[in-house]
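Enquirer: Need coordinates for the below:
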Amino acid sequence: MDSERDVGDQRQTPAGCTIIVDSTSDRAEHERVKSVVVVALVLTTQIASAQPGATDPLDEPPPGQPMYARPYVPPYAQPAPELLSRGTALWWSAGGTAASYGLLFLADQMSRDGSSDGSSSIGLIGGLGIFVAPSFGHWYAGKYLTRGLGLRLGSVAVAATGFMIAIGCSGIGWDSYDDEPERNCDAQNAIGIGLVIVAGAMFVGGTIDDIVQAPRRVDRINAQRSGVQVYGVLPTADHDRVGLAVAGAF
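Expert: Predicted coordinates:
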């Protein structure tokens, strides 16, 4: 007698017997197992998130404050910078300038006393020193072309121009038999003398500027070297946005 009910699947056992397996109960059992596995996974996740050492990337922020992740700090920090000395820079500039003028004075005294041996060499060193020695403090700080040095070198060109104007009008070195008309050199001489005075002011101003600015340049260099020592990238997140921030110790 046939039955309209689905009796299930027929399966062959290793002993050669045929059994009927109720597929409906098998599927139900399978679904119950799946439910148990899902519930176990959910409970495990909740327990792990509740532990103090959980790897949650975001910490709970105060009310109204954005959420910050733990900052990344490199495993090393930059070594402490080597700072320069203001006094050393000042002594290099002021002392070198004074020594250069001292050499010029010594060379002049030697030439007056008739001791010409070595006086020209000493005078040459002193003359070169009055141009470059005021910049020694800046060289100590790593700066070789300074404003004061530019003024002193520029003063040479201005003074040479003034001398050329004055000499060119006065006719120094002309042949005495040269029939040149008499010239009115008052205006040109005034211009030449004025340029020489400007050149002297440029030279003195450039010297003072280099000496005064040498310690200040050291201050600027030290400030640059004493910048950020420890730094890191900090991912941030708010309730409606995320981003990156840079953190450092100054």
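Enquirer: packing partners for the longest helix along the chain?
Expert: Longest among the helix segments of the chain by residue count, using DSSP state H, is helix 186-225. Helices and strands touching helix 186-225, by 3 or more Cβ pairs under 8 Å, 6 or more residues apart in numbering; DSSP states H and E, are helix 86-112, helix 136-140, helix 147-170. C-beta here means a position set from N, CA and C on the backbone, and glycine is covered the same way.
Enquirer: can you pull the contacts of Asp209?
Expert: Thr146, Arg147, Gly148, Leu151 (Cβ atoms under 8 Å, 6 or more residues apart in numbering).
Enquirer: Generate the ChimeraX command that creates a selection of the buried members of those residues.
Expert: Here is the ChimeraX selection string for the buried members of those, based on 16 or more other Cβ atoms under 10 Å:
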select :146,148,151
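Enquirer: Show me which of the contacts of Asp209 is closest to Ala159.
Expert: Distance to Ala159 across the contacts of Asp209 (Cβ to Cβ) is lowest for Leu151, with 12.3 Å.
Enquirer: From Ser119, how far out is that closest one?
Expert: 29 Å (Cβ to Cβ, to the nearest Å).
Enquirer: Ok, Ala214 next?
Expert: Taking Cβ to Cβ, one finds Ala214 at 30 Å from Ser119.
Enquirer: With Pro215 instead?
Expert: From Pro215 to Ser119 the distance is 35 Å (Cβ to Cβ).
Enquirer: For Ala214 and Ser119, work out which one has more neighbours and name it.
Expert: For Ala214 versus Ser119, neighbours defined as other Cβ atoms under 10 Å are more numerous around Ala214 (28 against 18).
Enquirer: Please look at the more buried one and Gly137 and confirm they touch.
Expert: Yes - counting by Cβ atoms under 8 Å, Ala214 sits close enough to Gly137 to count as a contact (2.8 Å).
Enquirer: Between the two, which contacts overlap?
Expert: Ala89, Leu90, Trp92, Ser93.
Enquirer: SS state for Gly227?
Expert: Here Gly227 is recorded as coil under DSSP: H, G, I helix; E, B strand; the rest coil.
Enquirer: Can you get me a residue count around it?
Expert: Neighbours of Gly227 (other Cβ under 10 Å): 11.
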